[in-house]
Every structure is written in structure tokens, then in C-alpha cells.
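**Student:** Give me coordinates for this.
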Amino acid sequence: MSSREDETLAQAAVAALTGQLELAPKPGLPDPRDLGAPATHQDHRALRWSAKALAPGLAAMAAAARRIGRPTPELRSELGAIGRSTEHSVALAGGGHRGALWALGLLVAAAALEPRATGNDVAATAKRIAAHADRRAPRRPSRGSSVSAKYGAAGARGEARAGFPHVRRALNALAAARTAGEPEPYARLDALLTVMSTLQDTELLYTAGPLGLRHVQAGARGVLEAGGTFTEAGREALSALDDDLHARAWSPRGSGALLAGALFVDSLPVVVSSPARAA
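**Tutor:** Numbering: from 1, shown residues only. Down below sits the predicted model:
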């Protein structure tokens, strides 16, 4: 794999994140309707702009994986260092995307280690990377890790160390919706709701507590049980859930980040056969 291919993987990851951002309506999450961001408190234009700032860091993660060649503790520590530097760059560009950077960084590194792998194999390689501790990480606990410890939730680290089960669930939901003939935006919304229906989202636990988390999970299941977002009943349930979460200012950000991860993994058959790879 060349530096050009590292950049191709990074651009594919950014495209997956911006693809997630462009979906609408996303319950409780920023989308193109939120140009002023009165409910989500995140300017959608700034999020789209700052997503581009992830590309150099993600390319550096792919290059580190390619150079080291195996999912070692050294690679895990290097990815952590690159990630912290990238967080600073993204903050200067408008902020956001911390959860997406964690998921996409591990998945990009996994794809660089196994250039021909797709789907579950990429998630399995990311699991082997995440199994190692980041020896250079700051000792102060993050908000997510504190919430995970308080409520016994897996959190972002647990999700990665389990091999990204919700990324795999989203991939299965995408495949099922496409097979059923759903247009791509509806397939992606159904995949998001599939993640929301079971994910122990630490952002929701922090803002809404366990009861709030279960409320959101039940709402997402309700949309799917109504037939999904491609049906009239499903769209009505989605609209009600969207209004509810925006009114409560509850944001399932972890689900949005994992959908971006799934969209990246879903793109890999295109990425590995791209002109950049053939060059």
C-alpha cells in the first residue's frame, strides 16, 4: 500500500462521515435542517467543514499501520498520539467528530493492515488493535469512560474491543434494506435506527440517564417495527421520535459515529479497487 492509498482510505472515511451528516431526518442528531443548530447546538455547516480536517490524521493512521504491519501495542499507541493531534486540528476547524475519529481511525488502520479485507474482517482486525492499551494516553478519565464506569456500559472502547458489533449490525441492516429495494437514504436511516435501538450510548447516558437511554432505544425500535423509514407508518414514527429528541435536547451521537464507521467499511470494495490502488 502506498501513501496515495493511505490518502484514498482517509478520503473514503471522510466521505462516510459527511454522508452520515447529510442524512435527514436524523433523530436528535445534526442534519441539513439544522443550519442554525437551535436544537442540537451544533452548526451543521461547521460539522461538514471540520469533517475535512480529519483527513490528514486518518491518512497518517493508515500510514502508521502500513509501516508497522501488525496490530501491535506500538501501533495502538501511535494511533492514539495521531488521534489526539487530529482532535486539536478538528477543534480549530470547528470541532465535533471525536467519537467518529475513534471509530474511523481504528477502522482505517485495520483496512490499511488488511487491504483486501471487507466487512467483518475489517472489524476483527480493528478489534485486535483496540485490544492493546494506549500507553501514552493521558491518565485523566474522559467523560465517556467515566460514564461507562458509572453505568457499566461498554462505551466506545468496549465497542471497539468487541469488534464493533454495532458497525456489523448496521452493515447487515444496510444489506437487508437494499435487498428489499429501499432507496439508499432510507437504507442508511434504517441502519442508524438499528444501531440506536441497542447501543448503550454514553452521550445519552450522560445527558438522559438509563431511563432516557431506554426511551431512545424503544423509540428507534418503534420506527423499525412500524416497517422502517421507507414506509408511511415508519416515517410517521421517525418524525415523532425526531421531534421528541430535539425537544429534550438528547443526542445519540455514538450511533451517528458508528453509522459513519459502517458506511466507511461498506465503501471498502470500492476503495480497494480504486484507480489509486492500481497506480
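**Student:** buried set for whichever helix or strand residue 55 is part of?
**Tutor:** Under the criterion of DSSP states H and E, residue 55 resides in helix 54-68. Across helix 54-68, burial judged by 16 or more other C-beta atoms under 10 Å covers 54-55, 57-66, 68. From N, CA and C alone the C-beta is placed, and that goes for glycine too.
**Student:** Neighbours of residue 69, how many?
**Tutor:** As a burial measure, residue 69 scores 10 neighbours (other C-beta atoms under 10 Å).
**Student:** can you check residue 215 too?
**Tutor:** Count around residue 215 with other C-beta under 10 Å applied: 18.
**Student:** likewise residue 155?
**Tutor:** 22.
**Student:** what sits against it?
**Tutor:** 144, 145, 147, 148, 200, 202 (C-beta atoms under 8 Å, 6 or more residues apart in numbering).
**Student:** What is the helix or strand containing the third one packed up against?
**Tutor:** Residue 147 is located in helix 143-151, with elements delineated by DSSP H and E. Contact partners of helix 143-151 among helices and strands, from 3 or more C-beta pairs under 8 Å, 6 or more residues apart in numbering; DSSP states H and E: helix 155-161, helix 202-225.
**Student:** Spit out the contact partners of residue 123.
**Tutor:** 107, 110, 163, 164, 167, 168, 265.
**Student:** Tell me the first helix or strand C-terminal of the helix or strand encompassing the fifth one.
**Tutor:** Assigned by DSSP H and E, residue 167 belongs to helix 165-179. Stepping forward along the backbone from helix 165-179, the first helix or strand reached (DSSP H and E) is helix 184-196.
**Student:** and of the helices and strands packed on helix 143-151, who's closest to residue 190?
**Tutor:** Between residue 190 and the helices and strands packed on helix 143-151, the shortest gap by C-beta to C-beta is with helix 202-225, which sits at 6.8 Å.
**Student:** returning to that earlier point: packing partners of the helix holding residue 55?
**Tutor:** helix 3-22, helix 73-93, helix 98-113.
**Student:** before we move on, the earlier item: deepest in the core, which of the helices and strands packed on helix 143-151 is it.
**Tutor:** helix 155-161 (a mean of 21; mean count of other C-beta atoms under 10 Å).
**Student:** low-confidence ranges in the stretch 51-200 of the chain?
**Tutor:** Residue ranges of the stretch 51-200 of the chain with pLDDT under 70: 93-95.
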